[in-house]
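Enquirer: What shape does this take:
(chains A and B)
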Amino acid sequence: MSNIVLRTNKLTKRYKKNTALHAADMTIYEGDIYGIIGRNGAGKTTLMKIITGLTNATDGEFELFSKTGFAAEKERKRIGCLIENPAFFGNMTAYENLKYYAIQKGITNAGKIDEVLELVQLKDARDKKFKSFSLGMKQRLGIALALLDNPDLVILDEPINGLDPIGISQLRDTFHMLNKEQGLTLMISSHILSELYAVANRFVFVDKGHVIKELTKEELDLECQRCIVIRTEDVQKAVVILENQLDLTDFKVVNEKEIRIYADTIPSAGINKCMVDAGVSVSEIFESGITLEDYFKSLVEEA
Amino acid sequence: MLNMWKADLYRMVKGKGFWLFWLLTLITFAISIGTKSPGGISLGAGLPDTDVKLDVAMAAKNYTFYFLCLLPVFSIVVADFGEKTWKNTISSVISRKSYFISKCSLALGYVALVYVIANIGFYVGNRLVNGEEYASTTGTFLKAVFRQLPLFLGVYAVLLLLAFVVKKAAAFNAIVLIFPFIYTAVALTVYETVSKSFAEKYLLKYELESSLGKLAVLQDNLYFRNCTILGCGCIVVSLILGYRIFIGTEVE
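Expert: Next up, the predicted model:
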């Protein structure tokens, strides 16, 4: 298992009567591209704001690079982030804005600014004033700032907002490249599930301030994969039948009442007949397979 | 901290405010030196009738810097809040505490520095152009300027507090530009309607324009002591209050 980059423990944020984040627990490992999925107002930004020090938690704590409390705050230097809208000085160019932050961060390598501008496809706009930028360009500059000092963890809140399809694709490739080649850990939030799915390798679903589920991409694929769902009171006996009589191995016991069969060699009617013949009471059997959106909806409804 | 100062100075010279400050200062100085009479922005506060030379008389008009020094302070602090760029700094560069200390120390330090440098510039320019007849001794002139500094910095500490509280460029500008007029209007209203002695003893006596004038030309040590205590008090209270407010601020 990789090192833990960030772990939250019952992180809570209350604004007067409204609880924006409720006892959120999550873990990000080194090398993860961690996707935070949730609707608008689900608590994604609040979570990121707490980690980056833009707001204080009402309760709970977080561990950043194995440090907690004041020591964790010092580790924020290892974070690059873009939270909500990118903010820069309108009367300064893209290069000057990044130079300002490069000086703040003590970056002496003058080439680093052009390097990150190239990474986000803004090299041609380096001498344009920020106030003349389109929404997509502003977003890219925000990402460039997040990457400026080779951070160990990059936190990006809705980074693809305002980007055109080609821009989104380029950014996705950039994230993958940084993750693979530099071992960069990324935490990315979005409500566009398909895009997040294309980038991340681990996911957390957030709704109404609650962390509903945290899972890997493989687990998510399994959850959404086409399968036959059997619901029965006697899972143990059903498993024996699947293995011994139907010779199936590609299935998963989801809980004490549900089995999912991913093999498509036997139709559901045949499986049902075998179960009934062996005296296993099947309460439900149906074919399933859902989209990411439907999966998210089902999680939200369950919560 | 040093990197923060360097970054803000880099940004300051990229902005118009830095150059506008020196341009307006030079124009004011040039006119005063050329006409051999002190000039600057005034709300009409009467200055003591004393026999001082042009440089000290000009120092008595240093109220102009209340308006001119808004430009660098705006650039260092207010623009960061106005553009919401401060979130970039506190999220991954330094803590809020260091941010506050860095901004306040640079703003007050810079204001003090340009206040002194600009005044010395006038002193040298006046001496070179108009000669000894219009120039005081260096000691007399520096004493006039440095006696003003604690009160002036006290007022600027209050402006910094305001910047950290309102965090909106337009609101900050409106308040600081209107405040001197409102203060004078209130003081005069109190003088006319409520209590003449209270207005004279406190409100009008410590009004910034007349205070700077008196500190420059009068050798009243008791008044200087009171102004220094007032200025230092403003600095301490404003910085403590500003820090407490800023630490608990949410980023919108």
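Enquirer: residue nearest the centroid of chain B?
Expert: Centroid-nearest residue in chain B: B:Tyr66, 4.2 Å away (criterion: Cα atoms, centre = their mean).
Enquirer: what's near enough to touch A:Tyr34?
Expert: When contacts are counted by Cβ atoms under 8 Å, 6 or more residues apart in numbering or on different chains, A:Tyr34 touches A:28, A:185-188, A:200-204. (C-beta placed from N, C-alpha, C; glycine too.)
Enquirer: Dig out what it forms beta bridges with.
Expert: Per DSSP bridges, the residues bridged to A:Tyr34 are A:Met187, A:Arg202.
Enquirer: May I have stretch A:181-195 exported as CSV, CA atoms only?
Expert: Provided in CSV are the C-alpha atoms of stretch A:181-195 (Å, rounded to 0.1, in the frame of the first residue of the first chain):
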residue,chain,number,x,y,z
GLU,A,181,5.8,10.5,-14.9
GLN,A,182,6.1,12.6,-11.8
GLY,A,183,4.1,10.5,-9.4
LEU,A,184,1.8,13.5,-8.7
THR,A,185,-1.2,12.9,-6.5
LEU,A,186,-4.3,14.7,-7.6
MET,A,187,-7.6,15.4,-5.9
ILE,A,188,-10.2,16.5,-8.4
SER,A,189,-13.8,17.4,-7.8
SER,A,190,-16.5,17.5,-10.5
HIS,A,191,-20.1,16.9,-11.0
ILE,A,192,-19.4,15.7,-14.6
LEU,A,193,-19.1,12.0,-13.8
SER,A,194,-17.9,10.8,-17.2
GLU,A,195,-15.0,13.2,-17.2
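Enquirer: What residues of that stretch count as buried?
Expert: Within stretch A:181-195, the residues scored as buried using 16 or more other Cβ atoms under 10 Å in any protein chain shown are A:184-191, A:193, A:195.
Enquirer: Out of those, list just those in helices.
Expert: A:193, A:195 (DSSP state H).
Enquirer: which SSE is the nearest residue to A:Ile188 once chain neighbours are set aside in?
Expert: Once flanking residues are discounted, A:Ile188 sits nearest to A:Leu156: 4.9 Å by Cβ to Cβ, 6 or more residues apart in numbering or on different chains. Assigned by DSSP states H and E, A:Leu156 belongs to strand A:153-157.
Enquirer: List the neighbouring strands of that strand plus their orientation.
Expert: strand A:79-82 (parallel), strand A:185-190 (parallel).
Enquirer: For it, give me every contacting residue.
Expert: A:5-6, A:28, A:44-45, A:48, A:51-52, A:64-65, A:78-84, A:143, A:146-147, A:178, A:184-189.
Enquirer: per-residue confidence averaged over the longest helix along chain B?
Expert: Scanning chain B for the longest helix, with DSSP H as the assignment, gives helix B:96-130. For helix B:96-130, the mean per-residue pLDDT is 94.
Enquirer: Near A:Lys237, how many other residues are there?
Expert: 15 (other Cβ atoms under 10 Å in any protein chain shown).
Enquirer: could you list every residue that touches the closest residue to A:Thr58 other than its chain neighbours?
Expert: Of all residues not flanking A:Thr58 in the chain, A:Arg14 sits nearest, at 4.5 Å (Cβ to Cβ, 6+ apart). Residues near A:Arg14 by Cβ under 8 Å, 6+ apart: A:20, A:58-59.
Enquirer: Just the ones in strands from the residues you listed, please.
Expert: Under the assignment DSSP state E, the contacts of A:Arg14 contribute A:20, A:59 to strands.
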